[in-house]
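>>> prediction below, plus the sequence it came from.
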Amino acid sequence: RKEVEQDPGPFNVPEGATVAFNCTYSNSASQSFFWYRQDCRKEPKLLMSVYSSGNEDGRFTAQLNRASQYISLLIRDSKLSDSATYLCVVNRGAGGTSYGKLTFGQGTILTVHP
Amino acid sequence: GAGVSQTPSNKVTEKGKYVELRCDPISGHTALYWYRQSLGQGPEFLIYFQGTGAADDSGLPNDRFFAVRPEGSVSTLKIQRTERGDSAVYLCASSSGLHRSTDTQYFGPGTRLTVL
């Protein structure tokens, strides 16, 4: 089983739609959680960190459920510019030498069409 | 300021050859990471430096892969006796190193390695 699992999609949605991505992680010791965005043939860029209380940044809402080891990303009012691959990312964090080691999911492809 | 830079942007080599990939992190960042991304997959961790030392090299696939960061800034990833399966995009990232589990990692544009 992969340490971080995502539905690879692709998701094809019209502009203005609401779309949700889900992700599960297997290591219960994981400490930090992120969503990264990657445009075609570009490097990954941090979209947002994910906190236990849930957090929102404009049209983007991230949720974390530690008990279920589940992370989600909700995008409201989708824009054409939201088309990208969304990567669920986990950092095992505290303890030993695994600080800083990010574990990425496969990525979920989103295409927003007019 | 300048972001993470990587050279070359593309490298085509023949099976069995030696290659070096260079990463120049954001100035002042003490932590540096190498990842490898194959088509349709997320990046996979290779190695992490804190300063000059490799804090975690558990992701290096075998002893053909080696990385150095002699002065705690620029890093070089070295691959000996390249194989076709080494073809991928090699990504470098850096972070401040202050809060290693929550630091934002900033990625470079990557080096696309093709082994013929």
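Good, I have the coordinates.

>>> measure A:Phe21 to chain B for me?
13 Å (C-beta to the nearest C-beta, to the nearest Å). C-beta coordinates here come from the backbone N, C-alpha and C atoms, glycine included.

>>> which strand residues bridge the residue positioned nearest the centre of chain B?
Closest to where the C-alpha atoms of chain B average out (C-alpha atoms, centre = their mean) is B:Trp34, at 3.0 Å. Beta-bridge partners for B:Trp34, by DSSP bridges, are B:Ile47, B:Cys92.

>>> just A:Asn22 next, same as before
A:Ser72.

>>> what's near enough to touch it?
A:6-7, A:70-72 (C-beta atoms under 8 Å, 6 or more residues apart in numbering or on different chains).

>>> where does confidence bottom out across those?
Scanning these for pLDDT, the low point is A:Asp7. It has 86.

>>> who touches that residue in this structure?
Per C-beta under 8 Å, 6+ apart, neighbours of A:Asp7: A:21-22, A:108.

>>> let's have these in a markdown table, adding pLDDT and distance to A:Val89.
Shown next, in a markdown table, are those (pLDDT from 0 to 100; distance: C-beta to C-beta, whole Å):
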| residue | pLDDT | distance to A:Val89 |
| --- | --- | --- |
| A:Phe21 | 95 | 12 |
| A:Asn22 | 94 | 14 |
| A:Thr108 | 95 | 12 |
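
>>> what about the strands in the chain?
I went with chain A, as the question did not name one. A:4-6, A:11-14, A:19-25, A:32-38, A:44-50, A:55-57, A:60-65, A:70-75, A:84-91, A:102-104, A:108-113 (DSSP state E).

>>> can you look at chain B instead?
Counting by DSSP E, the strands of chain B are B:5-7, B:10-13, B:19-24, B:31-37, B:44-50, B:53-56, B:65-68, B:75-79, B:88-95, B:106-107, B:111-115.

>>> and the fifth one, what does it pack against?
Helices and strands in packing contact with strand B:44-50 are listed as strand A:102-104, strand B:31-37, strand B:53-56, strand B:65-68, strand B:75-79; criterion 3 or more C-beta pairs under 8 Å, 6 or more residues apart in numbering or on different chains; DSSP states H and E.

>>> rerun at 7 Å
strand B:31-37, strand B:53-56 (3 or more C-beta pairs under 7 Å, 6 or more residues apart in numbering or on different chains; DSSP states H and E).

>>> confidence-wise, which of the ones you listed is weakest overall?
In terms of mean pLDDT, the lowest-scoring of those is strand B:53-56 (a mean of 89).

>>> centre of the chain to stretch B:37-53, how far?
Using C-alpha atoms, centre = their mean, to the nearest Å, the mean C-alpha position of stretch B:37-53 is found 6 Å from that of the whole chain.

>>> what's the first-to-last distance across that stretch?
23 Å (C-alpha to C-alpha, to the nearest Å).

>>> check which residues of it are buried.
By 16 or more other C-beta atoms under 10 Å in any protein chain shown, the buried positions in stretch B:37-53 come out as B:37, B:42-50.

>>> equivalent analysis for stretch A:44-61, please.
By 16+ other C-beta under 10 Å, the buried positions in stretch A:44-61 come out as A:44, A:47-50, A:60-61.

>>> and stretch A:14-28, by the same measure?
A:19, A:21, A:23-25.

>>> touching chain B at all, stretch A:50-67?
No - Stretch A:50-67 does not reach chain B (C-beta under 7 Å from any C-beta of the partner chain); its nearest approach is 10.3 Å.

>>> show me where pLDDT drops low in the chain?
This is for chain A. The model of chain A has pLDDT under 70 over residues A:93-99.

>>> not what I meant, chain B
Where chain B drops to pLDDT under 70, the residues are B:1, B:99-101.
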